[in-house]
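J.: Build me a structure from this.
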Amino acid sequence: MKRRFYGIFYCVQVTSILETEKSKRRLIELEDYKLIQIKLWGQKSNLNPLEGETVLFKCLVVDIYRNTFSLNSTSLTSYQVVQDDEAIQGVVEAASFEDEGNTIFIQELMLRVPADVMDTIFPLGSFVEGTNIEGKRAGSTLKSVTRVTTPEQNP
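T.: As a prediction, this is how the structure comes out:
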């Protein structure tokens, strides 16, 4: 079973459309925590994000070929440009507290969270189910939190 993937990335490089007798594709190099390549196939190769944009890609599938991880387009693949300091609100569905960096999962997005912002959301340093936040994000980073409510505050 192939898993659908959504992600917000910084667009590093976009190739021209590469066309052969049997295929048509465009390669896009993106950066999140590390560099990753997306292959847009067929009609989806007409999608053309600009280098330097922060973009949200939807409906990609994970591909591992010769021990190299990449993402491939599907018939449902789309993208949109993410504006800086975009408002975000919702229930934090999961959280990861790691030395390499904190992350939360909210509204089908995985966002990096600076330590001071994570401390505001989870002051005891552990995940609290049902925590609702309002804040601002830039790309795949939660920049600030303006409101945090927990289940015991909202019976």
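J.: contacting residues around N46?
T.: Each residue near N46 by Cβ atoms under 8 Å, 6 or more residues apart in numbering is listed here: 17, 26, 40. In this view, the C-beta of every residue, glycine as well, is placed from N, C-alpha and C.
J.: Apply the buried test to those and list what passes.
T.: Applying 16 or more other Cβ atoms under 10 Å to those, the neighbour count classes 26, 40 as buried.
J.: Tabulate the contacts of N46 (JSON lines), appending distance to V81, pLDDT and secondary structure.
T.: Output for the contacts of N46, formatted as JSON lines (distance: Cβ to Cβ, whole Å; pLDDT from 0 to 100; DSSP: H, G, I helix; E, B strand; the rest coil):
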{"residue": "I17", "distance to V81": "20", "pLDDT": "93", "secondary structure": "coil"}
{"residue": "R26", "distance to V81": "17", "pLDDT": "95", "secondary structure": "strand"}
{"residue": "L40", "distance to V81": "16", "pLDDT": "95", "secondary structure": "strand"}
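J.: quick one: which of the contacts of N46 is nearest I8?
T.: Each of the contacts of N46 was scored against I8 by Cβ to Cβ, and L40 proved nearest at 16.9 Å.
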